[in-house]
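Peer 1: this is the structure alone, sequence omitted:
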């Protein structure tokens, strides 16, 4: 008798037909009849879970019939053909032993629960089918990201989570302090002797490593104290941020396109059962959307060209709630029009007005725009943001002065331009934004194990 996981059982199903195996896991559902019973069994290692069948001839039939949903059990039995689905394992049980009981008030009874309810019991929701699918995709997507960069020789850099700089300059940071409230006026008395916060990005530190290893990436948690309760914002989330030396904006856009297609392909190949379930759970269209992105060519337009397209659409009768303006940002409705109605594909918008972008972006010769780029995808809007970084010392220094960014605190960042600087570029992508796209689940609270949002820090 072999002791197996359900993944091992599924992978070796043909070989194991008729053999006796032992499985350990939990009861998702238990349907009882007079002379037999059916247990929907899972151990979390495989989405295609086996059904355990037993009859009145099994030892302690009455005790097994009393087993409740949520209980942990050890099942021994023979692998038999499933009449319902040839690819789904079925076990004719010879023994079902209780490992851990579960009371009748267990919240996850076999019925459809709303995602809102499941957020209230986030410590239990990984046991449901929808979150078994979501968090398996999360795990596989994380591996896809590491595989992509590692296979191409990138160095994985762990940038600090506690920092003395706000790279985005927006001020939406969480203060780190050991001082009691009445003593917090003087940062010099604090643990680090200066004002510190949780990092909003690892980009700036990542650039220092790109100037030594050429190609690096960060992948870790970041924090932003934005008082926003939208479906796509959280106070704690994960970011993927590669930095590439000797890379300009055109090369960066090509990298972004190749990277995203590779991640989507990797997940589609390794999570077919999970994506099929999520496609049905979210109302259909998920698999078609992912396939279309994987096979599409990404369009490229300047910000000025994008605004021109949008304004011509208005002249031809398209109604926008917010007017597209040269020099201004784009709205969700503009992104939707460009990706879904005009280009019918993902689209890069580059050369943005410098007044609405960060200080570190390369300044174009027109004095009005910077070599920043946003990637918009159908059905989601902005998914990545990046830029060619400003590598010219004097222009970066001037821009920092214009934006009131301390050159004294950021001397090391300026020195990168002085000590063997070069053309370089990078992008950032919120991991949870990617997962929303990959799973079709619309709320960021449902693609991260324990969400942190305004007025919510449970578990």
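Peer 2: Received, thanks. Remember, predicted model here, so these are calculated numbers, not experimental data. Numbers count the residues shown, from 1 in each chain.
Peer 1: residue 194 touches residue 187, doesn't it?
Peer 2: Yes - if you go by CB atoms under 8 Å, residue 194 and residue 187 touch, sitting 5.3 Å apart. Bear in mind the C-beta positions are built from the backbone N, C-alpha and C, glycine included.
Peer 1: so which of those two has more stuff around it?
Peer 2: residue 187 (16 against 10; other CB atoms under 10 Å).
Peer 1: got phi/psi on that one?
Peer 2: Torsion angles at residue 187 (phi, psi; degrees, to the nearest 10) stand at phi -60, psi -20.
Peer 1: give me the pLDDT for it.
Peer 2: With respect to pLDDT, residue 187 scores 89.
Peer 1: neighbours of the nearest residue in space to residue 199 that is not next to it in sequence, how many?
Peer 2: Sequence neighbours aside, residue 163 is the residue nearest to residue 199 in space, at 4.5 Å (criterion: CB to CB, 6 or more residues apart in numbering). Using other CB under 10 Å, residue 163 has 19 neighbouring residues.
Peer 1: separation between residue 163 and residue 174?
Peer 2: 11 Å (CB to CB, to the nearest Å).
Peer 1: quick one: low-confidence ranges for this protein?
Peer 2: 166-171 (pLDDT under 70).
Peer 1: mind redoing it with 50?
Peer 2: Nowhere does the chain drop to pLDDT under 50.
Peer 1: give me the common contacts of residue 163 and residue 174.
Peer 2: With CB atoms under 8 Å, 6 or more residues apart in numbering applied, the overlap between the contact sets of residue 163 and residue 174 consists of 197-198.
Peer 1: ok, back up a step: phi first, then psi, for the residue nearest to residue 199.
Peer 2: According to degrees, to the nearest 10, the main-chain angles of residue 163 amount to phi -140, psi 160.
Peer 1: so what's it bridging to?
Peer 2: According to DSSP bridges, the partner residues bridging residue 163 are residue 197.
Peer 1: spit out the contact partners of it.
Peer 2: By CB under 8 Å, 6+ apart, the contact set of residue 163 is 196-199, 205.
Peer 1: same deal with residue 306?
Peer 2: 324, 330, 334, 338, 347, 349.
Peer 1: which parts of stretch 6-13 are buried?
Peer 2: In terms of neighbour count (16 or more other CB atoms under 10 Å), stretch 6-13 has its buried residues at 6, 8-10, 12-13.
Peer 1: actually, stretch 27-40.
Peer 2: Judged by neighbour count using 16+ other CB under 10 Å, the buried positions of stretch 27-40 are 27-28, 30, 37, 39-40.
Peer 1: sort out for me which of those residues are in strands.
Peer 2: 27-28, 30, 37, 39-40 (DSSP state E).
Peer 1: hmm, which two among those residues are most spread apart?
Peer 2: 28 and 37 (13.7 Å; CB to CB).
Peer 1: between all of the contacts of residue 306, which two are separated the most?
Peer 2: The distance between the two most remote of the contacts of residue 306 (CB to CB) is 14.3 Å, for 324 and 347.
Peer 1: out of everything not next to it in sequence, what's closest to residue 342?
Peer 2: Nearest to residue 342 is residue 309, by CB to CB, 6+ apart, at 5.9 Å.
Peer 1: residue 428 and residue 123, how far apart?
Peer 2: From residue 428 over to residue 123 (counting by CB to CB), the distance is 30 Å.
Peer 1: out of those two, which sits in the more crowded spot?
Peer 2: More crowded of residue 428 and residue 123, by other CB under 10 Å: residue 428, with 19 against 11.
Peer 1: hang on, residue 110 packs against residue 29?
Peer 2: Yes - Residue 110 is within contact range of residue 29, at 4.1 Å (criterion: CB under 8 Å).
Peer 1: common neighbours of the two, please.
Peer 2: Listed as contacting both residue 110 and residue 29 by CB under 8 Å, 6+ apart are 40, 69.
Peer 1: ok, the buried residues of stretch 27-40 vs residue 152, which is closest?
Peer 2: Nearest member of the buried residues of stretch 27-40 to residue 152, counting by CB to CB, is residue 28, at 40.5 Å.
Peer 1: and that closest one, how close does it get to residue 68?
Peer 2: Taking CB to CB, one finds residue 28 at 11 Å from residue 68.
Peer 1: hmm, back to that, JSON lines for the ones in strands among the buried residues of stretch 27-40, including distance to residue 397?
Peer 2: Formatted as JSON lines, those follow (distance: CB to CB, whole Å):
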{"residue": "27", "distance to residue 397": "65"}
{"residue": "28", "distance to residue 397": "61"}
{"residue": "30", "distance to residue 397": "69"}
{"residue": "37", "distance to residue 397": "75"}
{"residue": "39", "distance to residue 397": "69"}
{"residue": "40", "distance to residue 397": "64"}
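Peer 1: can you tell me which of those residues lies nearest to residue 286?
Peer 2: When those are compared against residue 286 (criterion: CB to CB), the nearest one is residue 28, at 23.1 Å.
Peer 1: contact partners for the closest one?
Peer 2: 40-42, 49, 69, 110, 127, 129.
Peer 1: first-to-last residue distance for stretch 89-109?
Peer 2: The separation between the terminal residues of stretch 89-109, taken as CA to CA, to the nearest Å, is 23 Å.
Peer 1: my read is that residue 301 contacts residue 352, right?
Peer 2: No - counting by CB under 8 Å, residue 352 is not a contact partner of residue 301; they are 11.6 Å apart.
Peer 1: just want to know which of these two has more residues nearby.
Peer 2: Remark: of residue 301 and residue 352, residue 352 carries more neighbours, 26 against 18, as counted by other CB under 10 Å.
Peer 1: surely the more buried one is within a strand?
Peer 2: Yes - counting by DSSP: H, G, I helix; E, B strand; the rest coil, residue 352 falls inside a strand.
Peer 1: that one pairs with what?
Peer 2: Beta-bridge pairing for residue 352 (DSSP bridges): residue 370.
Peer 1: quick one: contacts for it?
Peer 2: Applying CB under 8 Å, 6+ apart, the residues near residue 352 are 303, 361, 369-370, 372-374.
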